[in-house]
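K.L.:
sequence? don't have it. structure:
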């Protein structure tokens, strides 16, 4: 069994990691992330193997914005972006302010769902990386336990914090229509739950760290048509025109081509 210079068993690390298995981040990642890295067709492993070789020590925002997007506005900006995979940099250090922002939005300590944070001196990019999975929808609504919709008149009063708590409200940043009520079917907040939460997190982190927030999706070019309707509907609901301009969809293939430059 091989060991790295610090005595760890490399064979215990995910075999789908092609490069960088000796980085300190693997001492810090939670077990659920490590387990996902071991799964066949792991999106986490795909993300690491794509971004890690490009991001030592930084990814250049100018290079990423120069890529032809599957969807997105054209604009210029420059920054050197440090990658934080699942909230940790390569040294295993957590992203400053992330735990606090997640707690503000979720009401308690929660797992970080965002795949990749790219953090510079002026910009922060939150990246949702998709390969085979769909964009996440609200699990409570899917289980028939939405506190706004799935309740009887005599039930104990309950509310969804994304419609109730000022710093976490969807409708402050997204045009999701009226607050859901009993009898409603497929409200936008249930359809766009993952992207909505990620947008709120980007905005909160941007304010907390004094950085300009971006939200990007990376998907295989061949699967873009499957994500496109949901993405377009979500993008049309973003209230701030400047934030809308900082939404972007890139193909895995385009990002991978940066290695050949």
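P.N.:
Nice, thanks for sending it over. Predicted model only: the values in this text are computed from it and were never measured. Residues are numbered from 1 along each chain as shown.

K.L.:
where do the helices sit along the chain?
P.N.:
Taking DSSP state H as the test, the helices found in the chain are 25-28, 31-37, 43-51, 61-66, 98-106, 139-142, 161-164, 188-191, 193-209, 224-236, 241-245, 252-256.

K.L.:
tell me which residues in the last one are buried?
P.N.:
Judged by neighbour count (16 or more other Cβ atoms under 10 Å), helix 252-256 contains these buried residues: 252, 254-255. C-beta here means a position set from N, CA and C on the backbone, and glycine is covered the same way.

K.L.:
Give me the neighbour count for residue 213.
P.N.:
21 (other Cβ atoms under 10 Å).

K.L.:
who's in contact with it?
P.N.:
123-126, 202-203, 205-206, 243, 246 (Cβ atoms under 8 Å, 6 or more residues apart in numbering).

K.L.:
Leaving out the residues flanking it, which one is nearest to it?
P.N.:
Of all residues not flanking residue 213 in the chain, residue 206 sits nearest, at 3.5 Å (Cβ to Cβ, 6 or more residues apart in numbering).

K.L.:
Wait, that neighbour touches residue 212, no?
P.N.:
Yes - between residue 206 and residue 212 there is a contact under Cβ atoms under 8 Å: 6.3 Å.

K.L.:
Identify the contacts common to those two.
P.N.:
Common neighbours of residue 206 and residue 212 (Cβ under 8 Å, 6+ apart) are residue 124.

K.L.:
For residue 84, which of the helices of the chain is the nearest?
P.N.:
Nearest to residue 84 among these is helix 98-106 (8.0 Å), distances taken as Cβ to Cβ.

K.L.:
Mind pulling up the pLDDT for the closest residue to residue 150 other than its chain neighbours?
P.N.:
Using Cβ to Cβ, 6+ apart and skipping residues adjacent in sequence, the residue nearest residue 150 is residue 144, 5.0 Å away. pLDDT, residue 144: 87.

K.L.:
ok, how many other residues are close to residue 144?
P.N.:
Neighbour count of residue 144, defined by other Cβ under 10 Å: 8.

K.L.:
now residue 93
P.N.:
13.

K.L.:
can you check residue 197 too?
P.N.:
22.

K.L.:
give the contact list for it.
P.N.:
Residue 197 touches 105, 113, 162, counting by Cβ under 8 Å, 6+ apart.
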